[in-house]
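**Q** Sequence first, then the predicted structure:
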Amino acid sequence: MSKKIIATSNAPAAIGPYSQAILANGTLYCSGQIAINPKTGVLVLDDIESETEQVLTNVEAVLSEAKMSLDNVVKASIFMSSMDHYASINKVYSRYFANNPPAREAVAVKTLPKNVNVEISIIAVK
């Protein structure tokens with residue numbers, strides 16, 4: 001098996017014992033991204049749309065480091081602090097995945113890391 005750790009300073013560093021992403025045999029497994037601005041280290045929590053924008057910008061940065069783009073994403077998992085955010089997250093998400101969106105699930109969870117409102121992880125293939 002071919003396994004490569006993907007890490008970029010253009011996305012937040014891991015806040016625990018995990019990698020930003022692993023590329024294994026042409027498939028990228030990206031850890032959940034939250035709305036930390038990698039340049040400042042500050043959480044973007046102004047509103048749910050801004051938060052989702054930062055999350056997806058971080059996802060794009062990890063994909064770019066793996067020489068991929070959003071077009072390579074086949075699966076997304078969205079975790080949110082409340083289903084009340086669903087429509088707003090979808091509004092932003094649909095701009096990033098306008099054509100041929102990946103399979104996904106979206107679930108509400110009790111608590112996310114650093115008490116953020118949204119976390120997104122993806123799987124992408126070359």
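**A** Done, it's in. From a predicted model like this one, the values you see are computed outputs, not experimental measurements.
**Q** Now the phi/psi pair for the residue nearest to S2 when sequence neighbours are not counted, please.
**A** Nearest residue to S2, sequence neighbours excluded (CB to CB, 6 or more residues apart in numbering): N25, at 5.4 Å. C-beta: built from backbone N, CA, C; applies to glycine. Backbone torsions for N25, taken as degrees, to the nearest 10, come to phi 50, psi 40.
**Q** Same question for the one 10 residues further on.
**A** Backbone torsions of A35, given as degrees, to the nearest 10, read phi -90, psi 50.
**Q** Tell me, how many residues neighbour it?
**A** Residues lying near A35 (other CB atoms under 10 Å) number 26.
**Q** Surely it is in contact with V59?
**A** No - the pair A35 / V59 is not scored as a contact, 11.0 Å apart, by CB atoms under 8 Å.
**Q** circling back to that earlier point, and the residue nearest to S2, how many residues sit next to it?
**A** Residues within reach of N25, counting by other CB under 10 Å, total 9.
**Q** wait, doesn't it sit right on V125?
**A** No - using CB under 8 Å, N25 is not in contact with V125, being 9.5 Å away.
**Q** what number of residues lie near K67?
**A** 11.
**Q** nearest spatial neighbour of it, skipping sequence neighbours?
**A** K126 (8.0 Å).
**Q** which residues touch the nearest residue to N37 once chain neighbours are set aside?
**A** For N37, ignoring the flanking residues on the chain, the nearest one in space by CB to CB, 6+ apart is V44 at 5.7 Å. Neighbour list for V44: A35, I36, N37, S50, E51, E53, Q54 [criterion: CB atoms under 8 Å, 6 or more residues apart in numbering].
**Q** Can you show me the strands along the protein?
**A** Taking DSSP state E as the test, the strands found in the chain are 3-6, 21-24, 27-33, 73-80, 103-108, 118-125.
**Q** neighbouring strands for the first one, and are they parallel or not?
**A** For strand 3-6, the paired strands and their directions (DSSP bridges) are strand 21-24 (antiparallel).
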